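Peer 1: A structural model of the following input is requested.
(4 chains, ligands or ions: 6)
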Amino acid sequence: MALRMDYKTDVWVDWCPGCGDYGILAGIQTALKELNLKPWEVVVVSGIGCSGKTPHFIYANGVHTLHGRAIPFATGIKLANPHLKVIVSGGDGDLLGIGAGHLVALGRRNLDITILVHDNQVYGLTKGQASPTLPAGVKTKSLPKPNLQDAINPLLLALSSGYSFVARAYALDIKHLSNIIKQAVQHRGAALIDILQPCITYNDVYTKNWYAKRVYKLEEEGWDPVVKDPSEREDKLAAAVRKALEWGERVPVGILYWDKTKESLEDRIMRRIPTYTEKPPAMQAIEVNGKPVVDIEKILKIYSDYVVEVGRR
Amino acid sequence: MALRMDYKTDVWVDWCPGCGDYGILAGIQTALKELNLKPWEVVVVSGIGCSGKTPHFIYANGVHTLHGRAIPFATGIKLANPHLKVIVSGGDGDLLGIGAGHLVALGRRNLDITILVHDNQVYGLTKGQASPTLPAGVKTKSLPKPNLQDAINPLLLALSSGYSFVARAYALDIKHLSNIIKQAVQHRGAALIDILQPCITYNDVYTKNWYAKRVYKLEEEGWDPVVKDPSEREDKLAAAVRKALEWGERVPVGILYWDKTKESLEDRIMRRIPTYTEKPPAMQAIEVNGKPVVDIEKILKIYSDYVVEVGRR
Amino acid sequence: MANRRNEVTALLGGPQGAGLETAAQVLSTAFAITGRYVYSYREYYSNIKGRHTYIYVRISSERLPQTAREYPDIIAAIDAESIFHHFTEAREGTIIIYDTSTVNTKINGIVSIEPETRNRISSLLESSGYEKTVKGALQYAEERGAKLIGLDYKLLLKEFAQKTGKSTYRARRYLNTIPMAATGYLLGLTPGELEKGFRRRFRGREQIVADNVKLAEIVAGYMREMGFKPSPLPEPTNPPDKFLVVSGNDIVAIAKTIAGLRLQTYYPITPAADESVTLEAHENLRVDGEDLGSVLVFQTEDEIAAISAAIGAALTGVRSSTTTSGPGFDLMIEALGWAGINEVPVVVTYYQRGGPSTGLPTRGGQEDLFNALFSGHGLFPKIVLASGDHVEAYEDTIRAFNWAEEYQLPVIHLLDKFLANSIVTLPPNLLPPAKISRGLISTGGRGYNRFDKSGGPITPRAFIGSEETVIWYTGDEHNTEGHITEDPENRIIMHDYRMRKLELADEQIPEEERYRLYGNGKDFLLVGWGSVKGAALEALKHLDEEGLHGAYLHVRVMQPLPKKAISKILSDYGVDRAILVEASVRPLLGRLIPMWTGFQFERFILKWTGRPIYPLELAGAVSHIIRDGSRSEVLRYGA
Amino acid sequence: MANRRNEVTALLGGPQGAGLETAAQVLSTAFAITGRYVYSYREYYSNIKGRHTYIYVRISSERLPQTAREYPDIIAAIDAESIFHHFTEAREGTIIIYDTSTVNTKINGIVSIEPETRNRISSLLESSGYEKTVKGALQYAEERGAKLIGLDYKLLLKEFAQKTGKSTYRARRYLNTIPMAATGYLLGLTPGELEKGFRRRFRGREQIVADNVKLAEIVAGYMREMGFKPSPLPEPTNPPDKFLVVSGNDIVAIAKTIAGLRLQTYYPITPAADESVTLEAHENLRVDGEDLGSVLVFQTEDEIAAISAAIGAALTGVRSSTTTSGPGFDLMIEALGWAGINEVPVVVTYYQRGGPSTGLPTRGGQEDLFNALFSGHGLFPKIVLASGDHVEAYEDTIRAFNWAEEYQLPVIHLLDKFLANSIVTLPPNLLPPAKISRGLISTGGRGYNRFDKSGGPITPRAFIGSEETVIWYTGDEHNTEGHITEDPENRIIMHDYRMRKLELADEQIPEEERYRLYGNGKDFLLVGWGSVKGAALEALKHLDEEGLHGAYLHVRVMQPLPKKAISKILSDYGVDRAILVEASVRPLLGRLIPMWTGFQFERFILKWTGRPIYPLELAGAVSHIIRDGSRSEVLRYGA
Ligand SMILES: Cc1ncc(C[n+]2csc(CCOP(=O)(O)OP(=O)(O)O)c2C)c(N)n1
Ligand SMILES: Cc1ncc(C[n+]2csc(CCOP(=O)(O)OP(=O)(O)O)c2C)c(N)n1
Ligand code: SF4
Ligand code: SF4
Ligand SMILES: [Mg+2]
Ligand SMILES: [Mg+2]
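Peer 2: Numbers count the residues shown, from 1 in each chain, chains lettered A, B, ... in the order given. Ligands and ions are numbered 1, 2, ... in the order given. Next up is the predicted model:
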């Protein structure tokens, strides 16, 4: 296959007609295109679910992992080769249910990865069970009885876990969405975008209609999410938390919080391993003609604290 | 062994002399005593770690589970028999690292369980690696190099996950701690207490001295954490978030947030299974003389939608 | 159309989300109401809408079919893609019902077909000299003896729309009814019978029933006009008065309720989740106004939580379980070890699907045997049993709960996607009466020690919550009180005694309850487990007719394996006549048996396409091995 | 004191957290500096401070001991509890160094001893007619030939405090030096030699060195005064010029660095975590100012993340691995299947400990073999190899990385707590030069297909990040491009080809590199793996001396098992002379071998106390079996 700069593949997109995922796919593709990233510099990592199929539809490296584990896979990829742009595209069940622990861990690390949450309030691919973003008492058409468990707020969770870029977008506003994705990808640090994604097949509560009436853009109301100096952090975070609680008649989308001052994990690694970005793990030579670059003689020096010389001290 | 109402066992407490866990143990025992709970009505559930040994030192049912899994075990116990008082006592690594996903899930469910976090900033039992509450750049004596990863704030995480009772306590102020535990246990819903617990062996940064100078009591400053009406929720939550961010010269302890209006999971289950608390799973008769209470004849009625009568519709 | 032995198989095919399941249900129900037995099995992609799905509906006037069968008598296609997937299944006499408006559809124009499949079918058509269109495919089939029945679906819908005053858009929703109604017509279902099927499916929604009946009548009228004659199945001999219409998932849910399960945890996964959905839909056990309790079904945040919560619940005395498939089971392994060392009775219902990893998540296989048997660090006892059909699934579910409590250990109940997604009309009297045995139970009290082994490996079990009783559990090695101890002599006893419980089970559960030998022909012995059963039993009959007389050794309990009996039977047949049959890329039962008996298989029939083993292909493979000296055969039937 | 064959074993015992490890290190280093070989092994509770711990320090003038040995020549106790744990280990000539101020300590007064242990020891003393005090225990030993050396530790510390101007409180911190120094004295270490040991341990902290040396001199002076004569070990014959002093964990860390590991993920767990700590402490690979790269060690939030991140990293071309023990491995199983279906080379270093569940987390065992081999749903290939000593661990670590890349699959490297916590003085020349083989690698480029199987089961591997190369991976069954497909014919090839890689490894890796046969006596054959090796080899020698001439079959690669060779060797010996030896409550290698060969063992020597198999008890058990006709033996040596 020739290299394709439109980020599209030949794989048939097998989502339900009308699914919000189409918008997310277009949003990613548009962002990559506008950022002018080479397909081989980008890795799209996903979990399992309808959302999990996304990488197969994008002409860039794609790693479709396990349910809930996209973030740790992405973490390994990014740590091994920090020059790659790593984007996680996952379901709400995937990232906020089975994968919630990893989501929290990424936040506190502030590793430079962008997380896109396909927030459809259901487990799509397993036929519409409640996902962790479906509020208690709500009964979608796929549920036999109203939901027993309450919802998690992805924005609140991201804010409290330490993400330095937290946003919400709407799957069907592709331009707005792709714009946010662009900024998130360019941001150096952990970014999360909660994407409201109508599931046309199972979710008859949070529908296009429902959103259409309610969604408004933060930036249009003069919202300033950016932390320009660490001293602003607490105020901005507290404000973002309040904003994140807004859900009902009005549903805000846009960048909620953006801390440009926080050190990323890569920065911290560089403090300990000065050559880290210059020679990251994936780019080191380890052998020459089958001989190790670090052989036992070199080990005796690197591990000199493990060497005891006979007759000496 | 005779029944003992002092909640002490004969098991030797093998924590390091001076460990903050002694305070937590005393705090739990005092609370149980003052609440006058019968040892067989209480279940203390733990994970793995120094903290994980706690149940063996308490004369009440004790379930010492797996690393990170205390909450799901406790969830099963509580769901099966909601008449039991269920307390989870776990490490910060246990509950906020490997178990963070479960911690988040319990919050959004608001099941009536009390979580005690032994927050010592290290993995005690595996010899002092950084736990998820140790800030980046800090080097305890057990670490070869300063911590690479940043800390999670347990209070923020609990607040954003939906816990209806969120508090912080100090392990060495047993009276204050036990008082908070009492209120948490009596609260109907998910409660979390982050307990600052000096680890004398591995953590030479957050020591008794460090805390002694900084800890102050919220209630002494007139803090009112209680949500008495759902309309107050957002304000109280936002205020609690700000408070949770306070860490440095002053470290607040006390109840940060207490929502008395939120429906617990048990309440929600009762809506669907009206006999749930009266005849919970653990207390149902399932057989009489080896014959099932629900036999195939009864099944044909309960599952009448699966029965097709020949010759009829 | 060859109504083989009072029975017929119809294949309904179409895109996912187009109502194929509904159509099959209506058809099955209609036949059930007439007293016929139905076995239906569905194949589908891991996809919600658009990919191809199909259902074999096998109907018999005589008895419940034990498996689906290949080479359907009728292929009824909703769309063009279905023709491409199935035209090679047609044989002499097979009827193909198709939409005439699709005949010129090219395979290359169908986006929903996967490239590998498309290429494969294209090559076949091309190399056989046919057009790569629906027409070409139909010709291929016709020249091999198929009878084509073309209906213009669009036209039919138009007529339907006119008669019911619907828009064409709305009318299209009823598309699935066309091939189904045509099938019903051919098999002699009267409009009244079909109506009963619709009515039951669309309870209370009379308009939908009426619409469907109307369309069915239009189809029937059309077919009649075209001169197609119904060829009804014979009247049922001695039909039961009622059927329980259940999938493998459903029968397990029912058996669990009977067995006394009162708390089930789960995390959604194919093909296990439907069991929990069924249980949840029947959570309140009220019969004639009498409250018999309830089954709490709880969706957890992941499978680790599911098993952990089920174990926690079991400590309080409730019969609890969780249900999953491979990926979920992998995550449960650590907690199962905890249940093992703490002697907790807990049941895990494990539906195998195509692996490894996400693999073929909506397809089947039998590759998880060793995962069920041997995963988990450190040794602890567990019982592993596997079911081969709906009745076995029912019995085994109940046995699983009894053994879990009698021996105080985790029990893994293995099933698979093939069984989970097979729906049968089960006469309730095929289900033997259930017995519940809870093992040694103690009311506890002061001085109760949960792990007191002075009376042998099994300690009477008290429950957390018992009056005046305090109990400790730990995943660490522990003393009689349940407190941690690292004392070596305590370890010797505790660790050994736990393993002895499994040896006790081996002594106490008669080997005959752990396997079954079907048939007594001496020409060959098939050895299998789980879903191999149906195909094997039917293959035996086919081969019998061909003069090859064999037997089938069906292993039902894999741990403790009934090794003496197996060893004896295998040595009777010897390596040349004992054939291991498994839906697996490499034999697993075929390695387990030598592990315990030393018997090394040398003849294998394996299948790993994710599709079930079908009876005729199995019979063919056996005949290759026995008559032609082949050593191993790979099966591949099924789109 | 019996200096058996130029060697001696000293047991140092005391409470955790009291500096016992330091003492053993100083002693070992001091001997190493004199050119002696040292093998030391530590037992400890899952506890940070207060519970009993002990170390066997085995010193030889001749060669590196292959294992720890029971029946120490010297038992040097820091505290009363140590005496209670170890007095039964004394034999004729054993020296016991103890604190005279503890003689009246009653066992019942020691809170840190577990009740089971206390009761057991109490009963023994009582039934043998001794006081349940330190004195009673010492008498017991003395009457069985032990020589007692009582020192008043308090008094010694007092003198030390006075001489160094320390408070008694500060002086107490040096308590651990007393029994160690006494041991050193008895074994002929000069103060200068001991000082070198201290100096190396307390690099740069001269005051501590001086203090310790002072105390050691006081102890030595005291012993001399009391008339105890040193009995030095013979001078070393031909000592190496340097030793690498490494634990099992350390040697693996070193081997990984040589093998080219550049990213290691881990989640802390005993006894694996120290390997990562060692790596991290040497993360910057700078030699003589030259930068050779770095090893990034990353602590994840759990083991699921650890393996997932290691796999993710491997996709970019780095050699990556993770390290864990049983509970962590259980959590990695799902992701290993992903690595399997995606043909990812990743190495998991798996240190076994006592299970099941949390079990005996700081003790050892060999019960995880089947977990390593068979866990995971759906079949996928993996190589499993196990090491028996430090040199093997080094070789196997390097082989693991090579095979992982050559066959593009996960490799599980099994070790255990016994090896992890054994520290040896290794002459570097015992480590063979390493070769790195990265298997088939592609630079990718346009049109690269990661799973193109046209050239056979192994596709040249390109890395994510390669210029102009786009790669897809999925846990679903996939086509050559790495996109999902459920096509049955594609499945047949892909699934089969993955398994064939293992069969290829079986063909290509000579069987001789997968096992080793030691000795050629025909009286018996021991069969074992991993840490059984050291004890088995030494038992062979003992038995030889007793006139029983045997051999030891050491299995190093468990998958693909060198089955032809094993089968051949076993049939040479037959069921009566082949003895399976394993640190396991039920045989596992003893089940794996029949699985592949049909050979059913009938003679077993097992141990599951969590303590290592020791050579003399093993020799005794063999002799029981061969001479006395016993069928199976349970070993139990070790406190
Ligand atoms: C360990 C594991 N458990 C369960 C599943 C089954 N499973 C497949 S998709 C899915 C849920 C998908 O929901 P979500 O993450 O919200 O994604 P969506 O389909 O809604 O995009 C589940 C539970 C699995 N593949 N692996
Ligand atoms: C699955 C698993 N991984 C790792 C471990 C090893 N482990 C034992 S205790 C512990 C950490 C304990 O730290 P924390 O939870 O903070 O408890 P603390 O000891 O500090 O009280 C770990 C990682 C384990 N037991 N199980
Ligand atoms: S099920 Fe829902 S989320 Fe999945 S593809 Fe269909 S519409 Fe989209
Ligand atoms: S290691 Fe730390 S947390 Fe553990 S017992 Fe000792 S002081 Fe307490
Ligand atoms: Mg979703
Ligand atoms: Mg901790």
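Peer 1: tell me where the stretch 101-250 of chain A has helices.
Peer 2: Listed in chain order, the helices of the stretch 101-250 of chain A (DSSP state H, counting those that start in this stretch) span A:154-161, A:174-186, A:208-214, A:233-244.
Peer 1: number of residues surrounding the closest residue to residue C:160 other than its chain neighbours?
Peer 2: For residue C:160, ignoring the flanking residues on the chain, the nearest one in space by Cβ to Cβ, 6 or more residues apart in numbering or on different chains is residue C:215 at 4.7 Å. All C-beta spots, glycine's among them, are computed from the backbone N, C-alpha and C. Counted by other Cβ atoms under 10 Å in any protein chain shown, the residues lying close to residue C:215 total 25.
Peer 1: check which helix or strand residue C:215 maps to.
Peer 2: Assigned by DSSP states H and E, residue C:215 belongs to helix C:206-226.
Peer 1: buried ones in that helix?
Peer 2: Across helix C:206-226, burial judged by 16 or more other Cβ atoms under 10 Å in any protein chain shown covers C:209, C:211-220, C:222-223.
Peer 1: so is the helix or strand following it next to chain B?
Peer 2: Later in the chain than helix C:206-226, the nearest helix or strand by DSSP H and E is strand C:242-247. Yes - Strand C:242-247 reaches chain B (Cβ under 8 Å from any Cβ of the partner chain) through C:242-246.
Peer 1: and the average pLDDT for strand C:242-247 is what?
Peer 2: Mean pLDDT, strand C:242-247: 97.
Peer 1: ok, and what's touching it?
Peer 2: Residues outside strand C:242-247 that contact it (Cβ atoms under 8 Å, 6 or more residues apart in numbering or on different chains) are B:300, B:303, B:306-310, C:28-29, C:32, C:37, C:251, C:254, C:274, C:390, C:420-428, C:431.
Peer 1: that strand: partners in the sheet, and parallel or antiparallel?
Peer 2: Partners of strand C:242-247 in the sheet, by DSSP bridges, are strand B:307-309 (antiparallel), strand C:422-426 (antiparallel).
Peer 1: returning to that earlier point: counting neighbours, which of the residues of strand C:242-247 next to chain B comes out on top?
Peer 2: Neighbour counts for those peak at residue C:243, which has 27 neighbours (criterion: other Cβ under 10 Å).
Peer 1: the residue lying closest to that residue once chain neighbours are set aside pairs with what?
Peer 2: Nearest residue to residue C:243, sequence neighbours excluded (Cβ to Cβ, 6+ apart): residue C:425, at 3.9 Å. Judged by DSSP bridges, the bridge partners of residue C:425 are residue C:245.
Peer 1: return the residues in contact with residue C:425.
Peer 2: Counting by Cβ under 8 Å, 6+ apart, residue C:425 touches B:308, C:28, C:31-32, C:36-39, C:64, C:243-245.
Peer 1: measure it to residue C:15 for me?
Peer 2: Relative to residue C:15, residue C:425 is positioned 27 Å away (criterion: Cβ to Cβ, to the nearest Å).
Peer 1: so who does the residue of the stretch 151-300 of chain C found nearest ligand 5 touch?
Peer 2: Residue of the stretch 151-300 of chain C nearest ligand 5, by Cβ to the ion: residue C:268 (10.7 Å). By Cβ under 8 Å, 6+ apart, the residues touching residue C:268 are A:93, A:123, A:126-127, A:129, C:299.
Peer 1: go again using 6 Å as the cut-off
Peer 2: The neighbours of residue C:268, taking Cβ atoms under 6 Å, 6 or more residues apart in numbering or on different chains as the test, are A:123, A:126, A:129.
Peer 1: out of the residues you listed, who's the most crowded?
Peer 2: Most neighbours among those, by other Cβ under 10 Å: residue A:123, with 29 neighbours.
Peer 1: check which helix or strand residue A:43 maps to.
Peer 2: With DSSP H and E as criterion, residue A:43 is part of strand A:42-46.
Peer 1: so what are the domain limits for the chain?
Peer 2: Reading this off chain A. Per the record, chain A has its domains at A:21-270, A:276-312, by automatic domain parsing.
Peer 1: right idea, wrong chain: chain C
Peer 2: Segmentation of chain C into domains, based on automatic domain parsing, reads C:7-225, C:245-430, C:440-509, C:513-634.
Peer 1: pLDDT on the longest one, on average?
Peer 2: By that I understand domain C:7-225. Per-residue pLDDT over domain C:7-225 has a mean of 96.
Peer 1: quick one: that domain to chain centroid distance?
Peer 2: Its chain's C-alpha centre and that of domain C:7-225 lie 23 Å apart, by Cα atoms, centre = their mean, to the nearest Å.
Peer 1: the closest residue to ligand 6 within the stretch 51-200 of chain C: neighbour count?
Peer 2: Closest to ligand 6 within the stretch 51-200 of chain C is residue C:51: 48.5 Å, counting by Cβ to the ion. Neighbours of residue C:51 under the rule other Cβ under 10 Å: 20.
Peer 1: what about the stretch 201-313 of chain A, any weak spots by pLDDT?
Peer 2: Scanning the stretch 201-313 of chain A with the threshold set as pLDDT under 70 gives A:312-313.
Peer 1: just the strands in it please.
Peer 2: Here the stretch 201-313 of chain A has its strands, by DSSP state E, counting those that start in this stretch, at A:215-217, A:226-227, A:251-259, A:287-288, A:291-292, A:307-309.
Peer 1: now these in JSON lines, with distance to ligand 3 and mean neighbour count?
Peer 2: Converted to JSON lines, those look like this (distance: least, Cβ to the nearest ligand atom, whole Å; neighbours: other Cβ atoms under 10 Å in any protein chain shown):
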{"stretch": "strand A:215-217", "distance to ligand 3": "18", "mean neighbour count": "15"}
{"stretch": "strand A:226-227", "distance to ligand 3": "33", "mean neighbour count": "18"}
{"stretch": "strand A:251-259", "distance to ligand 3": "19", "mean neighbour count": "23"}
{"stretch": "strand A:287-288", "distance to ligand 3": "46", "mean neighbour count": "14"}
{"stretch": "strand A:291-292", "distance to ligand 3": "49", "mean neighbour count": "16"}
{"stretch": "strand A:307-309", "distance to ligand 3": "60", "mean neighbour count": "18"}
